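*Asks:* Below are the sequence and a predicted model for it; my questions follow.
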Amino acid sequence: MKKTNKLGTATRRMFTAAAVVTSLMTSLGASQVLAETQHPEGFNPDEWVIVASVINTTNPYMISNIEGAEAISKELGIDLEIVNSNNSSQTSISSIMAILASGKKPIMFVNTVASSDAPTIVDAVKQAGGYVSIWWNKPDEFKPQHVGDNFVAFQKHTGVDSGRCGAKALADALGGKGNVILLPGVQDSTTSKTRVAGFKAEISENYPGITILEERPSNWDPQLGARNAKDLIVKYGSDIDGVWSADDGMQIGAMQSFENAGLLEQVKFSSDGLYPKTLEDIKSGRGDNAIVGETFHRGYMASAIGLYTAYLAASGQITPSELPDEKRESFFKLSCVTPQNYTQYLQYDEPGAADAFVQRLKLTGPWDTQPVPLVGGGVEVLPES
């Protein structure tokens with residue numbers, strides 16, 4: 001077994017590129033595992049590096065992405081590099097290029113900052129002889145089937161369903177009447193666009209008494225969510241009855257702004273992600289039970305699925321071009337959550353949950369692991385309304 005950094009510690013290296021903001025990367029040794037992973041004959045883990053690129057490290061979902069990557073790295077005994085994009089496409093791409101220049105072939109998961117980043121990243125990975133799974137965002141016309149085996153898969157939970165979950169919960173809590181504000185994510189993000197489309201469609205089709213006052217993209221960032229919420233409070237004040245956020249990171253910031261303004265108990269919130277902080281607020285009934293609707297999925301599940309799918313391709317255990325289309329462009333299960341049913345999801349935040357998920361993933365494969373099995377695939381169709 002090769003010598004590596006002690007698990008749970010990190011050495012930090014800075015990769016620089018001209019005229020760009022440098023990204024922070026964490027290099028984690030991964031070979032000290034409890035049991036040696038048996039790789040297929042001909043696959044040498046020393047020739048590979050696992051790479052997980054996240055949008056930022058302030059959003060709890062992105063932190064969970066990192067936990068999943070760490071669990072996969074530890075299990076497979078392959079070193080890990082984390083790319084913190086700092087909300088910048090340029091930083092993400094330049095940092096990934098720096099890793100590729102190191103000589104090792106990448107097994108990569110990317111949570112893209114913007115949809116338009118995907119082609120550049122995929123092409124670079126292909127040229128390096130690596131394999132990549134993209135999560136959440138890519139141009140619809142940019143398909144793994146057209147690129148080849150190195151672009152193993154595009155994977156996501158459906159955004160339209162997420163938006164509909166949040167809209168229904170929020171509108172029902174308001175009795176079908178009231179004014180709401182929206183906090184989408186990054187503007188050039190298919191994830192944000194589909195969630196917003198789902199929210200608006202649900203309201204348009206079923207809740208004519210709900211008025212959307214304004215939407216402010218908040219880049220999946222709790223701090224920006226807080227600032228935008230503060231601005232909208234100044235603008236609309238007590239006319240705001242509800243807030244929908246495209247993910248819990250922005251909701252966490254928004255709730256703090258409403259609490260600071262003395263309005264938290266007068267407003268209802270719904271969002272996506274059921275992050276640990278959100279669970280705390282639901283359990284405590286914060287803000288007169290302010291949170292009324294959520295969706296369940298976990299960042300560690302996404303990164304683990306993406307990386308394990310890419311590993312299976314890199315190690316020759318699957319040939320991506322031979323997979324059915326729904327395993328190249330994949331939708332994984334998303335669950336609607338309310339204060340009435342949230343307890344069934346608490347098990348997935350227990351200590352060691354990411355490691356336990358990776359163990360199940362190895363047994364059942366990336367398309368049939370609970371609680372997020374494959375449920376469909378293709379290009380997500382936006383509702384007409």
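*Replies:* Everything's here; your move.
*Asks:* Could you pull out the strands in the stretch 201-350 of the chain for me?
*Replies:* With DSSP state E, counting those that start in this stretch as the criterion, the stretch 201-350 of the chain has strands at 210-215, 242-245, 268-270, 291-296, 329-332, 335-337.
*Asks:* nearest to residue 163, of the ones you listed?
*Replies:* strand 242-245 (8.0 Å; CB to CB). From N, CA and C alone the C-beta is placed, and that goes for glycine too.
*Asks:* Show me the strands paired with the closest one, marking each as parallel or antiparallel.
*Replies:* strand 178-183 (parallel), strand 268-270 (parallel) (DSSP bridges).
*Asks:* quick one, the first one and strand 210-215 angle?
*Replies:* Strand 178-183 and strand 210-215 meet at an angle of 30 degrees, taking axes from the mean of the first three to the mean of the last three CA atoms, to 10 degrees as the criterion.
*Asks:* Which residue, other than its chain neighbours, is closest to the most centrally placed residue in the chain?
*Replies:* With distances taken as CA atoms, centre = their mean, the residue of the chain nearest its centroid is residue 299 (5.2 Å). Using CB to CB, 6 or more residues apart in numbering and skipping residues adjacent in sequence, the residue nearest residue 299 is residue 64, 3.0 Å away.
*Asks:* Which elements pack onto the helix or strand where the one you found lies?
*Replies:* Using DSSP states H and E, residue 64 falls within helix 60-76. When contacts are defined as 3 or more CB pairs under 8 Å, 6 or more residues apart in numbering; DSSP states H and E, helix 60-76 packs onto strand 23-28, strand 48-54, strand 80-84, strand 105-111, helix 248-260, helix 299-314, helix 353-364.
*Asks:* How far away from the center of its chain is that helix?
*Replies:* Remark: helix 60-76 is offset 12 Å from the chain centroid, using CA atoms, centre = their mean, to the nearest Å.
*Asks:* quick check: angle from it to helix 299-314?
*Replies:* 40 degrees.
*Asks:* Please save the CA atoms from helix 60-76 in CSV.
*Replies:* Below are the C-alpha coordinates for helix 60-76, written out as CSV (Å, rounded to 0.1, in the frame of the first residue of the first chain):
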residue,chain,number,x,y,z
PRO,A,60,-24.1,23.0,2.3
TYR,A,61,-24.9,21.0,-0.9
MET,A,62,-21.5,21.6,-2.3
ILE,A,63,-19.9,20.6,1.0
SER,A,64,-21.9,17.4,0.8
ASN,A,65,-20.6,16.8,-2.8
ILE,A,66,-17.1,16.8,-1.3
GLU,A,67,-18.1,14.3,1.4
GLY,A,68,-19.3,11.9,-1.3
ALA,A,69,-16.1,12.3,-3.3
GLU,A,70,-14.0,11.7,-0.1
ALA,A,71,-16.0,8.5,0.5
ILE,A,72,-15.5,7.2,-3.0
SER,A,73,-11.8,8.1,-3.0
LYS,A,74,-11.3,6.2,0.3
GLU,A,75,-13.3,3.2,-0.9
LEU,A,76,-11.5,2.9,-4.2
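*Asks:* how does the protein divide into domains?
*Replies:* 11-157+298-333+342-377, 159-272 (automatic domain parsing).
*Asks:* and the longest one, average pLDDT?
*Replies:* What domain 11-157+298-333+342-377 shows for mean pLDDT is 89.
*Asks:* Just say which of the strands paired with strand 242-245 is most tucked in.
*Replies:* strand 268-270 (a mean of 27; mean count of other CB atoms under 10 Å).
*Asks:* which residues touch that strand?
*Replies:* 165-167, 169-170, 173-174, 241-245, 251, 254-255, 287, 290-294 (CB atoms under 8 Å, 6 or more residues apart in numbering).
*Asks:* now it: how far from the chain's centre is it?
*Replies:* 21 Å.
*Asks:* quick one: low-confidence parts of the stretch 151-300 of the chain?
*Replies:* Residue ranges of the stretch 151-300 of the chain with pLDDT under 70: none are present.
*Asks:* what are the ranges of the helices in it?
*Replies:* 159-173, 190-206, 222-236, 248-260, 276-284, 286-289, 299-314 (DSSP state H, counting those that start in this stretch).
*Asks:* Show me which positions of the fourth one end up buried.
*Replies:* When you say that, I think you mean helix 248-260. By 16 or more other CB atoms under 10 Å, the buried positions in helix 248-260 come out as 248-258.
*Asks:* I'd say residue 274 and residue 346 touch.
*Replies:* No. The criterion here is CB atoms under 8 Å, and residue 274 misses it with residue 346 at 9.8 Å.
*Asks:* Looking at these two, which one has more neighbours?
*Replies:* residue 274 (23 against 12; other CB atoms under 10 Å).
*Asks:* quick one: that one and residue 39, what's the gap?
*Replies:* 35 Å (CB to CB, to the nearest Å).
*Asks:* Please apply the same query to residue 257.
*Replies:* From residue 257 to residue 39 the distance is 50 Å (CB to CB).
*Asks:* cool, residue 221 as well?
*Replies:* 39 Å.
*Asks:* ok, these two, which is more surrounded?
*Replies:* residue 221 (21 against 18).
*Asks:* For residue 65, give me its contacts.
*Replies:* Taking CB under 8 Å, 6+ apart as the test, what residue 65 contacts is 52, 54, 109, 111, 299-300, 302-303.
*Asks:* Which of those ranks first by neighbour count?
*Replies:* Busiest of those [other CB under 10 Å] is residue 303, holding 30 neighbours.
*Asks:* ok, back up a step: would you confirm that the residue nearest to residue 299 contacts residue 298?
*Replies:* Yes. If you go by CB under 8 Å, residue 64 and residue 298 touch, sitting 5.7 Å apart.
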